[in-house]
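Novice: Coordinates for the following, if possible.
(one chain, ligands or ions: 1)
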Amino acid sequence: MPEKKNIVCDFAIFGVLGDLSRRKLIPSLYQLDREVLLHPETRIIGIARHDLSHADFVGKMRAALEIFVKNGLDEEVVERLLARLSYVLINIDQPEDYKKLLAATDQGRRVLVNYFSVAPNLYEDICQGLDHAGIITPETRVVLEKPIGRDLASSQEINDVVARVFAESQVYRIDHYLGKETVMNLLALRFANSIFTTNWDHDTIDHVQITVAEEVGIEGRWGYFDKSGQLRDMVQNHLIQILTLVAMEPPANMDGDSIRNEKLKVLKALRPITVDNVDDKTVRGQYASGFIKGNPVAGYLQEEGGNPRSTTESFVAIKVDIDNWRWAGVPFYLRTGKRMTTKRSEVVIFFKQLPHNIFKDSYRELPPNKLVIRLQPDEGVEIEMLNKVPGIGKGIKLQKTMLNLSFSDAFLGEHVADAYERLILETMIGNQSLFIRRDEVERSWVWIDSIQEAWASSNEPPRTYPAGSWGPVASVALLARDGREWEE
Ligand code: BG6
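Specialist: Prediction:
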């Protein structure tokens, strides 16, 4: 693989004036430039349909940096980044306009990466326009943002539209969780440490919990969110990606397809959830008004511009069974919700209880070991284990203690890259391992659609939970039925 900073690119952003571009893409390009990870000749081409002068465009991008780059700007880097910019006005449905993009690029010299930071219903026009202008070569790349559809059929439609002009090896489907430092660290933890590689199956693990709790509500995105819900918005992509990384078999190497093949096998082994078992396996909830950090917040149905009769879920808990050799009898409990107590994402591995207890004076039942992988915030890894309390004359007293590795302490001073920085860089390098392959997206929709259909066929509304809590009481019962409880 070529050295990262040696790749010369034309990085074209469709929808450059939109929220994602201003909030994430342009600030991430700034950070890459600051880290000297952009080749001096790499250029950034902004595309939108507004009539803007070069100076106006550059002014807007500078404003985005000023708002969205945390911890202050380095003026030298800002100038360097702004000097890479050019603007091309394209009306997305006007094939002739794309010739202007052709003129602005130089594919003999630079790899062209097209980032579609626009709604998926515009992909077809853009793909046709790029094709019409003769822009697409075997080296051209395309980056697609979620959501890739809202069910299997619509995701296939989107994938078909793109596949008419791009081969799968040219397509980079983003799930920003795969760009997060700690999500990637799951691979290192699992496959670089023998204590975990050899203790990672039904023999040693009792169950796994994956929590992605959000403090935010739907943040003015009613139009999108109410049609989507937490199952499609968070589980179909982010939680399933974490689950596959925790559950997959060791890949032969770090090659994009080796990793994605293993993830796909996990997806194929997910036991379907249907009308017959949906009540036992899932809980869906919707937040009512409550308090976040002491401040009153509105309930989902009272959110501005909302439909007061909506039955869309803002919380989901699922008991997932993976029907394969490694995970037989080991449930994975997933839980995610908006307006929960705090923002926290973590994976907790509960090891099995020991068969015999010789420390009954301390514990009638020995608590099992726990491995906590904190994904955000305060990234780190903790192992809960039992230790003897120091001292003589009291017999052997045990106490739970934590081995705690905090990334911010261990890697002091290291810049923790935003997910988009890593992902943008990988699109430039041409490494697909952090991007979702078509068969992965479609397979996860098959599993999600079945849950969605089962919910639709029951008339039960979602259960309410107060904003600022850990979700509906029923999610506690989901684990209690198995004699377990959520890590809190
Ligand atoms: C997005 C969802 O993909 O992820 C949002 O559309 C959600 O609804 C967000 O809030 C969470 O991302 P993060 O990185 O803040 O955990």
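Novice: Which single residue of this structure ends up nearest the ligand?
Specialist: Among the residues of the chain, Asp233 lies closest to the ligand, at 4.8 Å counting by Cβ to the nearest ligand atom. Bear in mind the C-beta positions are built from the backbone N, C-alpha and C, glycine included.
Novice: how far away is that residue from Asp361?
Specialist: Asp233 sits at a distance of 49 Å from Asp361 (criterion: Cβ to Cβ, to the nearest Å).
Novice: So between those two, which is more surrounded?
Specialist: A direct count of neighbours by other Cβ atoms under 10 Å for Asp233 and Asp361 places Asp233 higher, at 24 against 11.
Novice: wait, isn't the more buried one in contact with Phe225?
Specialist: Yes. Here Asp233 reaches Phe225: they are 6.4 Å apart, a contact under Cβ atoms under 8 Å.
Novice: Can you show me the helices along the stretch 251-400 of the chain?
Specialist: 256-269, 278-281 (DSSP state H, counting those that start in this stretch).
Novice: Next, format those as TSV and append mean neighbour count and distance to the ligand.
Specialist: Formatted as TSV, the helices of the stretch 251-400 of the chain follow (neighbours: other Cβ atoms under 10 Å; distance: least, Cβ to the nearest ligand atom, whole Å):
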stretch	mean neighbour count	distance to the ligand
helix 256-269	18	18
helix 278-281	16	23
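Novice: For my notes, please list the ones you listed in TSV and give mean pLDDT for each entry.
Specialist: Shown next, in TSV, are the helices of the stretch 251-400 of the chain (pLDDT from 0 to 100):
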stretch	mean pLDDT
helix 256-269	96
helix 278-281	96
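Novice: could you dump those helices to a markdown table with distance to Arg438?
Specialist: Shown next, in a markdown table, are those (distance: least, Cβ to Cβ, whole Å):
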| stretch | distance to Arg438 |
| --- | --- |
| helix 256-269 | 10 |
| helix 278-281 | 27 |
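Novice: where are the low-confidence patches of the chain?
Specialist: Along the chain, the parts satisfying pLDDT under 70 run over 1-5, 412, 415.
Novice: Let's verify the residue most central in space within it: helix, strand, or coil?
Specialist: Centroid check for the chain by Cα atoms, centre = their mean gives Tyr177 as the closest residue, at 2.5 Å. What DSSP: H, G, I helix; E, B strand; the rest coil gives for Tyr177 is helix.
Novice: mind checking how far the closest residue to it other than its chain neighbours is from Leu37?
Specialist: Leaving aside its chain neighbours, Tyr177 sits nearest to His238 (4.3 Å; criterion: Cβ to Cβ, 6 or more residues apart in numbering). According to Cβ to Cβ, His238 stands 25 Å off from Leu37.
Novice: now swap in Glu346 and tell me
Specialist: Counting by Cβ to Cβ, the separation of Glu346 from Leu37 is 29 Å.
Novice: Val316 too?
Specialist: Going from Val316 to Leu37 by Cβ to Cβ gives 37 Å.
Novice: between the two, who's got more neighbours?
Specialist: Ranked by neighbour count (other Cβ under 10 Å), Val316 and Leu37 place Val316 first, with 26 against 20.
Novice: mind listing what Thr211 touches?
Specialist: Neighbour list for Thr211: 334-336, 344-346, 348, 486-487 [criterion: Cβ atoms under 8 Å, 6 or more residues apart in numbering].
Novice: cool, Val381 as well?
Specialist: Val381 makes contact with 185, 189, 371-374, 405 under the criterion Cβ under 8 Å, 6+ apart.
Novice: Ok, Ile373 next?
Specialist: Residues in contact with Ile373 (Cβ under 8 Å, 6+ apart) are 182, 185-186, 189, 346-349, 381.
Novice: Any idea what it is bridged to?
Specialist: Beta-bridge pairing for Ile373 (DSSP bridges): Val347, Val381.
Novice: can you tell me how far it sits from Val347?
Specialist: The value you get for Ile373 to Val347, if Cβ to Cβ is used, is 4 Å.
Novice: Would you mind listing the residues touching both of the two?
Specialist: With Cβ under 8 Å, 6+ apart as the test, Ile373 and Val347 both reach Leu186.
Novice: Roughly how far does Pro237 sit from Arg150?
Specialist: No, residue 237 isn't Pro; it's Asn. For Asn237 relative to Arg150 (Cβ to Cβ), the value is 12 Å.
Novice: actually Ile240, not the one I typed
Specialist: Ile240 is 15 Å from Arg150, where distance means Cβ to Cβ.
Novice: again, but for Ser258
Specialist: For Ser258, the distance to Arg150 (Cβ to Cβ) stands at 30 Å.
Novice: and if you look at Leu264?
Specialist: Distance from Leu264 to Arg150, counting by Cβ to Cβ: 21 Å.
Novice: same thing with Asp93?
Specialist: Remark: distance between Asp93 and Arg150 (Cβ to Cβ) = 23 Å.
Novice: quick one, which of those two is more surrounded?
Specialist: Neighbour count, other Cβ under 10 Å: between Asp93 and Arg150, Arg150 has more, with 19 against 13.
Novice: check contacts around the residue nearest to that one when sequence neighbours are not counted.
Specialist: The shortest distance from Arg150 to any non-neighbouring residue, by Cβ to Cβ, 6+ apart, is to Arg232 (5.9 Å). With contact taken as Cβ under 8 Å, 6+ apart, Arg232 is in contact with 147, 150, 448, 452.
Novice: which one of those has the most neighbours?
Specialist: Highest count within the contacts of Arg232 by other Cβ under 10 Å belongs to Ile448, 21 neighbours.
Novice: and it, what helix or strand is that in?
Specialist: Per DSSP states H and E, Ile448 falls inside helix 438-457.
Novice: Now do that helix against helix 256-269: the angle between them, please.
Specialist: Relative orientation of helix 438-457 versus helix 256-269 (axes from the mean of the first three to the mean of the last three Cα atoms, to 10 degrees): 20 degrees.
Novice: Contacts for helix 438-457, please.
Specialist: Against helix 438-457 from outside (Cβ under 8 Å, 6+ apart): 148-149, 151-152, 155-156, 159, 163, 168, 171, 173, 231-232, 235-237, 240, 244, 260, 263-264, 267-268, 270, 272-275, 278, 282, 284, 313, 318.
Novice: Counting by contacts, list what the helix or strand that it is followed by packs against.
Specialist: Following helix 438-457 in sequence order, the next helix or strand is strand 463-466 (DSSP H and E). Helices and strands touching strand 463-466, by 3 or more Cβ pairs under 8 Å, 6 or more residues apart in numbering; DSSP states H and E, are strand 282-288, helix 473-480.
Novice: check whether the shortest one contacts the ligand.
Specialist: No. Using Cβ under 6 Å from any ligand atom, strand 282-288 stays clear of the ligand, with a minimum separation of 13.4 Å.
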